[in-house]
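Engineer: Please find the sequence and the predicted model below.
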Amino acid sequence: MIIIGTILAYFCVLLLLSRVIGRVGDNDAFFRANRKSPWYLVAFGMIGASISGVTFVSVPGMVINQNMAYAQTCIGFIFGYFLVAFLLLPIYYKLNLTTIYSYLKNRLGNRSYKTGAYFFLISKMTGAAVRFYVVCMILQRFVLEAFHIPFPVTVIVMVLLIWLYTRRSGIKILVFTDTFQTFCMFAALLLIIYRLLGALDMNVSQAINTVIMDKHSQIFVFNDWLSRYNFWKQFLSGIFIVVVMTGLDQDMMQKNLTCKTLRGAQKNMCTYGLAFLPANLLFMGLGVLLLHYMQRVGQPIPAVPDELMLLPTAGGMLGSGVVVLFTIGVVAACFSSADSALTALTTSYCVDIRQQPENEKLRRKAHVVVSVIFIFFILLFRMINSTSLIDAIYILCSYTYGPLLGLFAFGLLSKREVNDRLVPYVAVLSPIICFALDTIASLLWNYKFGYELLMLNGVLTFIGLMLTKLKL
């Protein structure tokens, strides 16, 4: 009952924050927080919004198969955040945008605009629903199953609570709730590490030395160009991942556009970008320490990397107190990403698809419908219950960001016009060609594309847009 009480108390704090801060519920507050958000709160909250519940569970387990090579991608993230801060944010603020896809309408045309918005809606809805589903399954398996709570009830209640504290003021309240949730997430993470150090009879200095000396602490891979963990592949992919999945993603950019000034938004982006590497190093360091713990208690290394975090923490090996901390950490990470996704989806639908940014009645209805569709997707994944299908959906979502990269790159780097009527066909064809190339490369040369597929997808979209104006 302590776990259930902790979860309920956590939700009560979110609802209280929503009640106190979100008294004004007009569309400007919901979509842009009246452009009055303090940049430092946005920066801190963005860390939690970027680290989903799946990341909370998965990053420690990465060290089993790839050591700390993921840090190479995180180094690329830093440069990507600086590009977003000084290349994209000035454009968004100059045009005074509510959604970033409005830029495509000004530069390329209405069909290009709608294409970008639809690609965002599809990828964000499916991707966010899959991530939320995975976290709900983890909580169900390790926490709520003991209380005989049905899975549909878990999903409906959790999405309902997100709707309750976001329905009135949307992004305005998220600036504050995400700050609270990021604090809870890292507090839980640090306390889990503290309890783990106690189980290993280590102090902080010994733990740091253990992580540094461990073979799994290897970060850089320079000698194997074919490896998907090669430094340059990871580094360059990290840059483009941030540019696309943050700079061209309404969900991630909406909070940045609530800052009072461009300078404040740039401070937020740079601070948040610099903090992302040490935050992930902390998760990976925890993974190394968990390997040592499993060895000490005589347990085999899990075949599934995610189990490295789940078995000692959620599984109760480190005690019931750690189960509570794990629950808080996962719920905080899960909610801080899901709530912003639902708000961004509502915003994009009202502003980009319906093009009625002032219609408050439409916004309230859309927020309800988006939440219901979100529940439907999660329960559908539960019915199918296929890990391979979930993996396929993740891959599909990664493909859908490539056309966004190509569209924005064409608008920013070229002064040419496009045949707006043909843009949707180009945007759909590019991911299909990428899939075909990936399949052929795997069959003929045993080469599997990694994150660089995103760059290839963007290049193909860019080329396709140039070809739309050729006179045949």
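Structural biologist: Yes, it's here.
Engineer: For the residue nearest the centre of the chain, give its distance to M245.
Structural biologist: By Cα atoms, centre = their mean, the mean C-alpha position of the chain lies nearest to S50, the distance being 4.5 Å. According to Cβ to Cβ, to the nearest Å, S50 stands 9 Å off from M245. The way it works is simple: take the backbone N, C-alpha and C, and place the C-beta from them, glycine included.
Engineer: Overlap in contacts, these two.
Structural biologist: M252 (Cβ atoms under 8 Å, 6 or more residues apart in numbering).
Engineer: Look up phi and psi at C259.
Structural biologist: Here is the backbone geometry of C259 (degrees, to the nearest 10): phi -70, psi 150.
Engineer: In the chain, what helix or strand scores lowest on average pLDDT?
Structural biologist: Ranking every helix and strand in the chain by mean pLDDT, DSSP states H and E puts helix 387-413 at the bottom, with a mean of 75.
Engineer: next helix or strand past that helix?
Structural biologist: Downstream of helix 387-413, the first helix or strand assigned by DSSP states H and E is helix 423-445.
Engineer: List the buried residues of that following helix.
Structural biologist: 423-424, 426-427, 430-431, 434-435, 438 (16 or more other Cβ atoms under 10 Å).
Engineer: now stretch 241-255
Structural biologist: Neighbour counts over stretch 241-255 (16+ other Cβ under 10 Å) mark 241-255 as buried.
Engineer: can you check stretch 107-122 too?
Structural biologist: Applying a neighbour-count criterion of 16+ other Cβ under 10 Å, one finds 107-109, 111-121 buried in stretch 107-122.
Engineer: Am I right that L342 is in contact with S371?
Structural biologist: Yes. Using Cβ atoms under 8 Å, L342 is in contact with S371, at 6.1 Å.
Engineer: For the two, list the residues in contact with both.
Structural biologist: Listed as contacting both L342 and S371 by Cβ under 8 Å, 6+ apart are 162-163.
Engineer: And these two? Which one has more around it.
Structural biologist: In terms of neighbours (other Cβ atoms under 10 Å), L342 is the more surrounded of L342 and S371; the figures are 26 against 21.
Engineer: Could I get the full set of strands for this protein?
Structural biologist: In the chain, no strands are found when defined by DSSP state E.
Engineer: ok, back up a step: tell me the one among the buried residues of stretch 107-122 nearest to L236.
Structural biologist: Within those, the smallest distance to L236 is 22.5 Å, found for F119 (Cβ to Cβ).
Engineer: Distance of the closest one relative to F408?
Structural biologist: Look at F119 and F408: by Cβ to Cβ, they are 11 Å apart.
Engineer: Spit out the residues that contact the two alike.
Structural biologist: Common neighbours of F119 and F408 (Cβ under 8 Å, 6+ apart) do not exist.
Engineer: Take the buried residues of stretch 107-122 and keep only those in helices.
Structural biologist: 107, 111-121 (DSSP state H).
Engineer: Out of those residues, which comes closest to L325?
Structural biologist: F120 (34.4 Å).
Engineer: tell me the contacts of the closest one?
Structural biologist: Counting by Cβ under 8 Å, 6+ apart, F120 makes contact with 101, 249-251, 348, 404.
Engineer: again, only using 10 Å
Structural biologist: Contacts for F120 (Cβ atoms under 10 Å, 6 or more residues apart in numbering) come out as 99-101, 248-251, 344-345, 348, 352, 400-401, 404.
Engineer: quick one: which of these is nearest F276?
Structural biologist: Using Cβ to Cβ, these come closest to F276 at D249, 15.2 Å.
Engineer: mind listing what K94 touches?
Structural biologist: For K94, the contacting residues are 103, 262, by Cβ under 10 Å, 6+ apart.
Engineer: Low-confidence ranges, the stretch 151-300 of the chain, go.
Structural biologist: Within the stretch 151-300 of the chain, not a single segment meets pLDDT under 70.
Engineer: Which residue ranges of it form helices?
Structural biologist: Assigned by DSSP state H, counting those that start in this stretch, the stretch 151-300 of the chain shows helices spanning 151-166, 171-200, 204-213, 231-245, 250-256, 262-296.
Engineer: Throw the ones you listed into JSON lines and include distance to N67, thanks.
Structural biologist: Below are the helices of the stretch 151-300 of the chain laid out as JSON lines (distance: least, Cβ to Cβ, whole Å):
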{"stretch": "helix 151-166", "distance to N67": "34"}
{"stretch": "helix 171-200", "distance to N67": "19"}
{"stretch": "helix 204-213", "distance to N67": "11"}
{"stretch": "helix 231-245", "distance to N67": "12"}
{"stretch": "helix 250-256", "distance to N67": "28"}
{"stretch": "helix 262-296", "distance to N67": "9"}
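Engineer: Quick check: which of those helices is buried the most?
Structural biologist: Comparing those on average neighbours per residue, with mean count of other Cβ atoms under 10 Å, the densest one is helix 250-256 at a mean of 24.
Engineer: just checking, what packs against that helix?
Structural biologist: With contacts defined as 3 or more Cβ pairs under 10 Å, 6 or more residues apart in numbering; DSSP states H and E, helix 250-256 has these neighbours: helix 27-32, helix 39-50, helix 89-94, helix 110-139, helix 171-200, helix 231-245, helix 262-296, helix 320-348.
Engineer: Show the model's pLDDT score for R23.
Structural biologist: Listed pLDDT for R23 reads 68.
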